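K.L.:
mind folding the following:
(2 chains)
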There are 2 protein chains.
Amino acid sequence: MIAEILAIGDELTSGQRLDTNTQWLSQQLETLGIEVLFHTTVGDDLEANIQVFKTALSRANLVIATGGLGPTDDDLTRQALANATSTRLKLDADSLEHIQRRFSMRGREMPPKNQIQAMFPEGSRVIFNPNGTAPGIDLDYSVGMHHSRFIALPGVPAEMKEMWTATVAPSLAGQGTAKKVIRHHVVKCFGVGESHMEALLPDLIKRGREPRVGITVHQATISLRITATGTEAAQCEAAIADTVKQIHAAVGDLVFGEGEEELQDVIVRDLLAQGKKVATVESSTSGLLAFWLGAVDDQRKAFVGGHIQPPSELTTRESVEKAAAAIRQQTGADYGLALGTFCEADSSDDYFVALASADGVESKASGLAGHPEIWGPRMAKQGLDLLRKKLIAKA
Amino acid sequence: MIAEILAIGDELTSGQRLDTNTQWLSQQLETLGIEVLFHTTVGDDLEANIQVFKTALSRANLVIATGGLGPTDDDLTRQALANATSTRLKLDADSLEHIQRRFSMRGREMPPKNQIQAMFPEGSRVIFNPNGTAPGIDLDYSVGMHHSRFIALPGVPAEMKEMWTATVAPSLAGQGTAKKVIRHHVVKCFGVGESHMEALLPDLIKRGREPRVGITVHQATISLRITATGTEAAQCEAAIADTVKQIHAAVGDLVFGEGEEELQDVIVRDLLAQGKKVATVESSTSGLLAFWLGAVDDQRKAFVGGHIQPPSELTTRESVEKAAAAIRQQTGADYGLALGTFCEADSSDDYFVALASADGVESKASGLAGHPEIWGPRMAKQGLDLLRKKLIAKA
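P.N.:
Numbers count the residues shown, from 1 in each chain, chains lettered A, B, ... in the order given. Sure thing, here's the model as predicted:
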């Protein structure tokens, strides 16, 4: 089975926007054992879309398209698919009702334009979109002996991913035919720089090692990406488990999680497990710490709230420690976490983070380094890491 | 002239690496006035490459490929191009000497494998690569009346970009391919949905209109992308200015900015111009509003700080209005902006935003819609928009 991924839109062909849907879909197909051989991106031009759809249907068995399902005139996927497969567009009553309901929920009437989002090539299946007005399309198509399946999804990444996971991926399970199995696993670390981390793992990072271990850094968080290749999944997974064990032995509690986990995920989980709560004070990070914690703990069972202080109020170690103790007392939380103000003056200690708990207040000084864009995220992570280590000690 | 960009490599089709070369080349071609209609990515498979090259040569006049020029067995661009154009590969003595010199500079002998990097389809021109062993290929090709030019560059971004700038871009300008000038301008709007916006601009969004106007939505912010094509920059810019005027006339203060501007950029600018300050209270957005304002106003001359409240405290219109008034009083700011808690219960008014000023408190109710991921950003924008309209009235 050969797959092709299509991305549709002038904003992509003109270079105005970077397409990340295609990469994500490629990764998803790979985990299903389905080989992707082509990606095609095409602008908002009907003839060009028809041509690209025909080519894809003739050379691939599975075509996944994103974009062009909106209600406006430059959304051409429905029409192009009907033309490319010589089918007619037909109204789907259930989809129309779903779209109308989405508008009426917000107290509005559906604009007539949106009716087109309920039109489907005859014989196609509707892919339900719980979060938007654009349903997806799933159409089987054959020319002679060549069979293919065309799946059209919206270009909005959140909608596309949810529809993929809920509907498309389950329908593809078991259809992969790739002979090679590839498995990835990511170990997440925080607390040292990239080259320091590499020095701690000399034998693991070597080129040619199997499984392969790569280091990437994003906003001071280090990802160790393990890639194992083999003929069977179990063999890959065993090799990965062995490498993970070696990483833990070498770097200890610099490891905080795995996969997509961030520090705030781990901390909220630990707080909930221990029945504890945290409140925050921030200055230069201006709400970033609160946003991270609140996004994970959206019921706010562990993160009770916080303050954003004007800068210059939290420039000394003493003031940051006081702020941590004060927010703890004020909110009744078990932990008060405070992040100070960046001082760009000539100082070796450029900012402070502090954690107040029943044991008293501890704090840490750190220097500014790297691009100013990452100063905020790194400071927030240093604060989170202080809390993480405390929670480990208390576990 | 229609251009197509090709990217070659299994690491791209498998999703292991994100292709950024194609976006960069699209932007470069656009500044030369060359329209890109297709992007194609293909894995390391000879037959698939030949097929993709043939398709591109038949539907585009200019094909720019990156990748597949290395010395290893999975580098297939040279061979695929020779096959697709029915030409033979011939050794280029100058290129061979350059490659050998690069090895001897580092005290090494050229491995026999690298000789293939000096092989070129007969009739092609060599594109000099000052920083690597892979020269580029520049080949003219005609089938019947359709003429095209195929340019192959290495996939290493730094090498590719230097060769583009030094050799390829000047040759495209010199050949007079840049007869058409393309200019973009983006008008940013907030306050209505995509189809409502389209209904307000019926004549502007029409297909075939010149300049073209496209609508995209990101987290409830609408971008109207104007694309003008002409023979001179001044003509494009005049056409864009005229379209911008029509947009303003049709949608009024739904327009808040242009280009990369976000609501918080405009608000901080207006606050600074009017010598005013704002403080915030948030519940479900948990610091997002504060983070946006603090990131623009990093000196905090207009954004003085804020609070993050536990959820369930700000579920009623009254409580959100009180919170806006309280933070204003407490901080001495001119404006107090409060964002409430999402209520997922069955209610037509799902959340409230409120603005306190010297004129009293105003508030707005709104329903949840779309993917839960965008609820927070949209609520924060609705709050910012309330303040924006107030600042317009006061200007």
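K.L.:
assign the residue sitting nearest the centre point of chain A to helix, strand or coil.
P.N.:
Nearest residue to the geometric centre of chain A (C-alpha atoms, centre = their mean): A:E260, 7.1 Å. On the three-state scheme (DSSP: H, G, I helix; E, B strand; the rest coil), A:E260 is labelled coil.
K.L.:
so how far is A:A239 from the residue lying closest to it once chain neighbours are set aside?
P.N.:
Leaving out its chain neighbours, the residue that sits closest to A:E260 by C-beta to C-beta, 6 or more residues apart in numbering or on different chains is A:V186, at 7.9 Å. All C-beta spots, glycine's among them, are computed from the backbone N, C-alpha and C. Between A:V186 and A:A239 the computed distance is 15 Å (C-beta to C-beta, to the nearest Å).
K.L.:
and these two? Which one has more around it.
P.N.:
Just comparing A:V186 and A:A239: by other C-beta atoms under 10 Å in any protein chain shown the higher neighbour count belongs to A:A239, 19 against 16.
K.L.:
now the more buried one: closest residue in space that isn't a chain neighbour?
P.N.:
A:A228 (4.5 Å).
K.L.:
quick check: bridge partners of the one you found?
P.N.:
Taking DSSP bridges, one obtains A:R183 as the residues bridged to A:A228.
K.L.:
what's the burial count for it?
P.N.:
Using other C-beta under 10 Å: A:A228 sits among 22 other residues.
K.L.:
what strand or helix carries A:V251?
P.N.:
The secondary structure element spanning A:V251 is helix A:233-251 (assigned by DSSP states H and E).
K.L.:
other SSEs contacting that helix?
P.N.:
In this structure, helix A:233-251 makes packing contacts with strand A:181-189, helix A:194-200, strand A:221-230, strand A:255-258, judged by 3 or more C-beta pairs under 8 Å, 6 or more residues apart in numbering or on different chains; DSSP states H and E.
K.L.:
that one vs strand A:181-189, what angle?
P.N.:
Between the axis of helix A:233-251 and that of strand A:181-189 there is an angle of 20 degrees, by axes from the mean of the first three to the mean of the last three C-alpha atoms, to 10 degrees.
K.L.:
could you dump helix A:233-251 to PDB, C-alpha only?
P.N.:
Coordinates of the C-alpha atoms in helix A:233-251 are reproduced here as PDB (Å, rounded to 0.1, in the frame of the first residue of the first chain):
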ATOM      1  CA  ALA A 233       7.600  -4.300  16.900                       C
ATOM      2  CA  ALA A 234       8.500  -6.400  20.000                       C
ATOM      3  CA  GLN A 235      12.100  -6.500  19.000                       C
ATOM      4  CA  CYS A 236      12.200  -2.700  18.600                       C
ATOM      5  CA  GLU A 237      10.400  -2.100  21.900                       C
ATOM      6  CA  ALA A 238      12.800  -4.300  23.800                       C
ATOM      7  CA  ALA A 239      15.800  -2.500  22.300                       C
ATOM      8  CA  ILE A 240      14.200   0.900  23.300                       C
ATOM      9  CA  ALA A 241      13.500  -0.300  26.800                       C
ATOM     10  CA  ASP A 242      17.100  -1.300  27.200                       C
ATOM     11  CA  THR A 243      18.300   2.100  26.000                       C
ATOM     12  CA  VAL A 244      15.900   4.000  28.200                       C
ATOM     13  CA  LYS A 245      17.300   2.100  31.200                       C
ATOM     14  CA  GLN A 246      20.900   3.100  30.200                       C
ATOM     15  CA  ILE A 247      19.800   6.700  30.000                       C
ATOM     16  CA  HIS A 248      18.200   6.700  33.400                       C
ATOM     17  CA  ALA A 249      21.300   5.100  34.900                       C
ATOM     18  CA  ALA A 250      23.500   7.800  33.400                       C
ATOM     19  CA  VAL A 251      21.600  11.000  34.100                       C
END
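K.L.:
contacts for that helix next, please.
P.N.:
Residues outside helix A:233-251 that contact it (C-beta atoms under 8 Å, 6 or more residues apart in numbering or on different chains): A:181-183, A:185, A:187, A:189, A:197, A:200-201, A:204, A:210-211, A:213, A:224, A:226, A:228-230, A:255, A:258.
K.L.:
one more time with 10 Å
P.N.:
A:31, A:33, A:180-185, A:187, A:189, A:191-192, A:196-197, A:200-204, A:209-213, A:222, A:224, A:226-230, A:232, A:254-255, A:258 (C-beta atoms under 10 Å, 6 or more residues apart in numbering or on different chains).
K.L.:
which members of those are classed as buried?
P.N.:
A residue is treated as buried here by neighbour count (16 or more other C-beta atoms under 10 Å in any protein chain shown); on that basis the buried members of the contacts of helix A:233-251 are A:33, A:181-185, A:187, A:189, A:191, A:197, A:200-201, A:204, A:211-213, A:222, A:224, A:226-228, A:230, A:254-255.
K.L.:
quick check: next helix or strand after whichever helix or strand A:L37 is part of?
P.N.:
A:L37 belongs to strand A:35-42 when assigned by DSSP H and E. On the C-terminal side of strand A:35-42, the closest following helix or strand by DSSP H and E is helix A:46-59.
K.L.:
I'd like to know which elements that following helix is packed against.
P.N.:
In terms of contact count using 3 or more C-beta pairs under 10 Å, 6 or more residues apart in numbering or on different chains; DSSP states H and E, helix A:46-59 is assigned the packing partners strand A:2-8, strand A:35-42, strand A:62-66, helix A:77-84, strand A:136-143, strand A:146-153, strand B:35-42, helix B:46-59.
K.L.:
partner strands of the helix or strand just after the fourth one and their direction?
P.N.:
Pointing back at helix A:77-84 there. Moving toward the C-terminus from helix A:77-84, the first helix or strand encountered (DSSP H and E) is strand A:89-91. Each strand that pairs with strand A:89-91, with its direction, by DSSP bridges: strand A:119-121 (antiparallel).
K.L.:
what's the first helix or strand after the partner strand?
P.N.:
Heading C-terminal from strand A:119-121 (DSSP H and E), you reach strand A:125-127.
K.L.:
please see if that next one touches chain B.
P.N.:
No. Contact between strand A:125-127 and chain B is absent, the nearest approach being 15.2 Å (criterion: C-beta under 10 Å from any C-beta of the partner chain).
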